[in-house]
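[1] based on what follows, work out the 3D shape:
(4 chains)
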Protein chains: 2
Amino acid sequence: MNNLTRKDEILAQAAALFLERGYSAVTMRDLAKKMGIKAASLYNHISSKHEILETLILSVAEKFTEGMNTIVQSKVDPLQKVEAVVDLHIDVTLNNQDALGSLNNDWMHLEGKALLNFEEMRNGYEDNFRKIIHEGISKGVVANRNPEIMLFSVLSTLRTLYLWYPKKGEIDVNTLKTDMRQSLLASIKA
Amino acid sequence: MNNLTRKDEILAQAAALFLERGYSAVTMRDLAKKMGIKAASLYNHISSKHEILETLILSVAEKFTEGMNTIVQSKVDPLQKVEAVVDLHIDVTLNNQDALGSLNNDWMHLEGKALLNFEEMRNGYEDNFRKIIHEGISKGVVANRNPEIMLFSVLSTLRTLYLWYPKKGEIDVNTLKTDMRQSLLASIKA
DNA sequence: ACACTAAACTAACAAACGTTAGTTTTGTAT
DNA sequence: ATACAAAACTAACGTTTGTTAGTTTAGTGT
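    I've put the predicted structure just below:
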């Protein structure tokens, strides 16, 4: 079942290289060398360099979108929703560490409808998060400060997790979730 | 006095392009077109594409390093030092918005001693910030939570300011400083 | 008018780029 | 052994890349 196809291996190695150097600085020959094959052989499995980028970014973006939609529909109070968002980010980060580099730094190299699709998901995600914050403010459980700054502050931390986590050796996942929930909730609680 | 040399104009336009697309995706012909000249003409003013990147990144890194050194030496309590760091980031961000894109996303394309120099400044900066946090914890003014998570949380927000600020129309600088100090301090206060 | 300098130009280079076409190797099931 | 499919290979393509060398233009002070 859990069989990694050759294409999946290529996507994984590409993600690692893109994280390290950025999409534009990685050549198909670099990727081929990492796979132990010649550049032309890559095209037996993928149709273009661009396709790799699209696949990596959109598949992670979809995970965020789905997760957020579930959270928004859940019937819990706003602070619990924020906690769920923190957990979502930690889970997605741990499972898609490398691809998150492309999502954060190389999305602007998407083209056409892939770019539109990405931007739509990103905006939708932010809007949902924004609604949670506003709901928290009007219910008095979130601090009555500039909501955009709180949104940005929490989101920027969550979005940068993929850079920070690997540097910090062996932090237990549950410890990380607990501490991160505490820290981020503290920054917005009323 | 405040005369912008031709080289300075090139550096400014390059920073804007690097922010938009990343260092590797910007060609010398792109930069030349933005300057309204031919690519070869750029070399009357700069010696290589690489020199542009080094200049942009290291000059901003030096501003952070100098600012942080001043703050560390000041005789105020830890929370006031954190507030000063917030202000430092906002000031540097407003004055070097575009170059911060390169510093954050393209530093890995530095080479040799420029790369070592950058990494040394970056590590020194983080260590100083770390000391402030620890000092705050032992004095009981900073929350007794995982210091690395608090450090990461605050720093990731400050480092991403350059992406967020330009999207948020006309936020008054002093309002921004006040709100940001409040938000970030709230996330670490005891 | 002349000299000087800053800053543009044209033309070209060798290297590296993504990608293609066609061929050979390798492993597996019959 | 034979057939088939997956996945590698070699060779080459047209472009684009950063950069150089040498030349021309425009503005300024004498």
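[2] residues of chain A that sit close to DNA strand D?
    Where chain A comes near DNA strand D, counting by C-beta under 7 Å from any atom of the strand, the residues are A:5-6, A:32, A:35, A:37-41, A:44-45. In this view, the C-beta of every residue, glycine as well, is placed from N, C-alpha and C.
[3] apply 6 Å and report the result again.
    With C-beta under 6 Å from any atom of the strand as the criterion, chain A meets DNA strand D at residues A:6, A:37-38, A:40-41, A:44.
[4] wondering if the lengthiest helix in chain A reaches DNA strand C at all.
    In chain A, taking DSSP state H as the definition, the longest helix is helix A:112-138. No: using C-beta under 6 Å from any atom of the strand, helix A:112-138 never reaches DNA strand C; the gap is at least 13.7 Å.
[5] again, but for stretch A:54-61
    No: judged by C-beta under 6 Å from any atom of the strand, stretch A:54-61 stays clear of DNA strand C, getting no closer than 11.5 Å.
[6] now the residue most central in space within chain A: closest residue in space that isn't a chain neighbour?
    Taking C-alpha atoms, centre = their mean, the centroid of chain A lies closest to A:Leu100, which sits 4.9 Å from it. Spatial nearest neighbour of A:Leu100, chain neighbours left out: A:Tyr162 (3.9 Å); criterion: C-beta to C-beta, 6 or more residues apart in numbering or on different chains.
[7] ok, A:Ile10 next?
    Closest residue in space to A:Ile10, ignoring its immediate chain neighbours: A:His45 at 5.7 Å, by C-beta to C-beta, 6+ apart.
[8] what do you get for A:Asn105?
    B:Asn105 (5.3 Å).
[9] out of the residues of chain A next to DNA strand D, which one has the lowest pLDDT?
    Scanning the residues of chain A next to DNA strand D for pLDDT, the smallest score is found at A:Arg6, 93.
[10] what's around it, how many residues?
    14 (other C-beta atoms under 10 Å in any protein chain shown).
[11] OK, contacts around the residue of chain A found nearest chain B?
    Per C-beta to the nearest C-beta, A:Ser187 is where chain A lies closest to chain B, at 3.3 Å. Neighbouring residues of A:Ser187 by C-beta atoms under 8 Å, 6 or more residues apart in numbering or on different chains: A:150, A:153-154, B:153, B:183-184, B:186-187.
[12] so what's A:Trp171 scoring on pLDDT?
    Just so we're on the same page, residue A:171 is Ile rather than Trp. 80.
[13] can you classify it as helix, strand or coil?
    For A:Ile171, the assignment made with DSSP: H, G, I helix; E, B strand; the rest coil gives coil.
[14] which residues of chain A lie near DNA strand C?
    A:27-29, A:39-40, A:43, A:48-50.
[15] filter those residues down to the buried ones and hand me the PyMOL line.
    Applying 16 or more other C-beta atoms under 10 Å in any protein chain shown to the residues of chain A next to DNA strand C, the buried members can be selected in PyMOL as follows:
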select buried, chain A and resi 28+49
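[16] that older thread, for A:Asn123, state which of the contacts of A:Ser187 is nearest.
    Within the contacts of A:Ser187, proximity to A:Asn123 (C-beta to C-beta) peaks at A:Val154, which comes in at 17.0 Å.
[17] residues near that closest one, how many?
    By other C-beta under 10 Å, neighbour count at A:Val154 equals 25.
[18] kind regards, and thank you for your time.
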